[in-house]
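In: coords please:
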Amino acid sequence: MSHSMVNAPSEKSGLRSQCLSFIEVLGQSIANIAPTATPAITIPVVFATSGNATWIAYVFATLAIILLSLQINVFSKRSATTGALYTYISEGIGSAGGFVSGSGLVFSYLVTGSAVLCGFANYANNLLAYAGIQLSPALIIIMGTAVAWFMTYKGVELSAKVMLVFEAISVTLITLLGLLVLIHHGFNLGTSQFNLKGVSFDSIRLGLVFAFFSFVGFESATAMGREAKEPLRNIPRAVIGSGVFVGIFFVVMSLIMVMGFAGSKTSLGESTAPLTYLAQQSHVGILGFLISIGAMVSFWSCGVASITAAARVMLHMSHEGYLPDAISKCHKTNKTPYIAIMVCSIVVGGIPVVLEWLRSSNMDVYNWTGSMAVYGFLINYLLVTVSAPLLLYKLKELKWSHIVTAALSFILLCIPLIGSVYPFPAFPMAVLPIIFLAWLIISLVFYIFVKQHNSLQENPNTEQI
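Out: Now for the predicted structure:
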C-alpha cells in the first residue's frame, strides 16, 4: 500500500490554502448539481417514463447517491487533494486505471460545462423574449463563458460565494412555489402517487436513468482538498450533505409537481416550462418569471463549478507529470490555476459554439453534451465503489458492512449506465458512447506513452539496450 493517503493537502499546488468554509465547499458541489435545473427540465422527463412513480425514482436515486457518498468518503476522510476521484481511484486500482478514469472525469466536467451553458442560453433567450429580443445562442454562450472564466480566474472564494448565493435564492423561490402549489391544492397530494396504480418496475427503471442524471457532479467538492478549511472533515460532509439535501428537494418537488399537473390539460411530461405553468395556476405568475431568472443563473453557476473542478483535476495531473508544467501554474495574486482555467473555458465554450456554427440547434447540443457527460461520471462512480473496499482491505480495515454498501452502490449505479446504452439509441445519440469510449482509449495510449517517456528520461541508458 502506498503511503500517499495522508491527513493534509500534500502537493505544493500554489492554490490559496484552506480558504473555503464548509458552506462554500458545499456550494461547489450543489452548484455542480444545478438543483434548479431538475424541476425545470428533468422531473418532466422522469415523469414521461415513470408517471406516478416519479418520486420513487428519485428516492432510489437519492439512496444510490448516499451509498456512493460512503464509498467516496472512504478516501475523502483520509486524503485531501485537488485530484478528486482521479486520485481516489488511483489509490484503489492503480495509476493506469486512475489516469484513464481521471481523464474521463475531466471530459465529463468539461462537456457538463458545455451543456449547462446551452441551458443558460436557452433560458436567457426565454427571458429576452419578454422584451422582444432574441440573440444567437452562440453569442450568449460566449458571453456566459467569458464571465465564468473571469470568476474562476479571480478567485475560488469569490466564485464559491456567488454560486452559493444564486443557488440559495433560486432553490428558495422554487420551494416557495412548491408551498404555494400545496396550499392551492389544499395540501392534498392525492392517492394516485402512493398507490402506484399502473406503475411497473420497468417504468421505474427507465425513470431512474434520468433521475440519477440529476445528481451528477455532486462529488466535485473533492477537488477542493487544498482550498477547503479542515478538508478531512468538511469535504466528506459536503459530499454526503449535498446528496441528501438535493435528494430530499427532488423527491418533494416531484411529488408536488405531479400533483400540480394532475387533471390539467397540459401533461407534466410534455411541459417545456413546468414551473412557469404552476406559478400561473397558483396565481403567482411573477414567481415563474423570477424562477426562470434563477434557472438561467443556476445553469451558469454549474458552468463555473465545472470549470473550477476540471481545472483542479488537470492541475493535479500536471503535478504528477502527465500534463505540461504550464497547466500547474497558479496566479501569484489570485492563487488560481489560470492556465488550466483558460484551457477549460475555451473547451467548455468552444464545443457548443462550434457545433452551433455547424448548424446544430442549441437544445440538441445540450442533449448531446449532457448525455456524454454522464458516461464519465458513471464510470468514475463505479470505479470508486470498487476502489473503496480495495483500499480498506490494504489498510486492514475492511468490514462486511463496507462490502455490502459498496455492492449495493455498484448494483444501483449499473442501472443508469446500462439504461443509457441499452436498448442502443438511434443516431446521433448512438455515436456518443463511441466518442466517449474513443476518449478513454486515447487516454490509455497517452498514459502509456508518457510513462515510457518519463522512464527513458529517468534511465537514459535503457535506450541502448
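
In: only C-alpha atoms for contact and neighbour calcs from this point on.
Out: OK.

In: what packs against the helix or strand residue 66 falls within?
Out: Assigned by DSSP states H and E, residue 66 falls within helix 54-76. With contacts taken as 3 or more C-alpha pairs under 8 Å, 6 or more residues apart in numbering; DSSP states H and E, helix 54-76 sits against helix 43-50, helix 84-93, helix 201-213, helix 231-261, helix 362-394, helix 400-421.

In: got those helices as TSV, with distance to residue 190 columns?
Out: Listed next are those as TSV, based on distance: least, C-alpha to C-alpha, whole Å:
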stretch	distance to residue 190
helix 43-50	16
helix 84-93	42
helix 201-213	19
helix 231-261	7
helix 362-394	33
helix 400-421	29
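
In: Which one, of these, ends up nearest to residue 71?
Out: Shortest separation from residue 71 across the helices and strands packed on helix 54-76 is recorded for helix 362-394, at 5.5 Å, computed as C-alpha to C-alpha.

In: The closest one: which residues count as buried?
Out: Neighbour counts over helix 362-394 (16 or more other C-alpha atoms under 10 Å) mark 362-392 as buried.

In: Also stretch 313-326?
Out: Quick answer for stretch 313-326 (16+ other C-alpha under 10 Å): 313-319, 322.

In: And the furthest pair within those?
Out: 313 and 322 (11.4 Å).

In: right, and residue 311 touches residue 336 too?
Out: No - between residue 311 and residue 336 there is no contact under C-alpha atoms under 8 Å: 9.2 Å.

In: between the two, which one's more packed in?
Out: Counted by other C-alpha atoms under 10 Å, residue 311 and residue 336 do not tie: residue 311 has more neighbours, with 31 against 25.

In: And the helix or strand harbouring the more buried one, what does it pack against?
Out: Element membership of residue 311, judged by DSSP H and E, is helix 285-319. Contacts defined by 3+ C-alpha pairs under 8 Å, 6+ apart place helix 285-319 against helix 22-33, helix 37, helix 95-128, helix 137-154, helix 156-184, helix 274-281, helix 338-357.

In: follow-up on the earlier one: got the helices and strands packed on helix 54-76 as JSON lines, with distance to residue 161 and mean pLDDT columns?
Out: Formatted as JSON lines, these follow (distance: least, C-alpha to C-alpha, whole Å; pLDDT from 0 to 100):
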{"stretch": "helix 43-50", "distance to residue 161": "27", "mean pLDDT": "91"}
{"stretch": "helix 84-93", "distance to residue 161": "21", "mean pLDDT": "93"}
{"stretch": "helix 201-213", "distance to residue 161": "25", "mean pLDDT": "84"}
{"stretch": "helix 231-261", "distance to residue 161": "15", "mean pLDDT": "96"}
{"stretch": "helix 362-394", "distance to residue 161": "25", "mean pLDDT": "94"}
{"stretch": "helix 400-421", "distance to residue 161": "32", "mean pLDDT": "92"}
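
In: Done for today, thanks.
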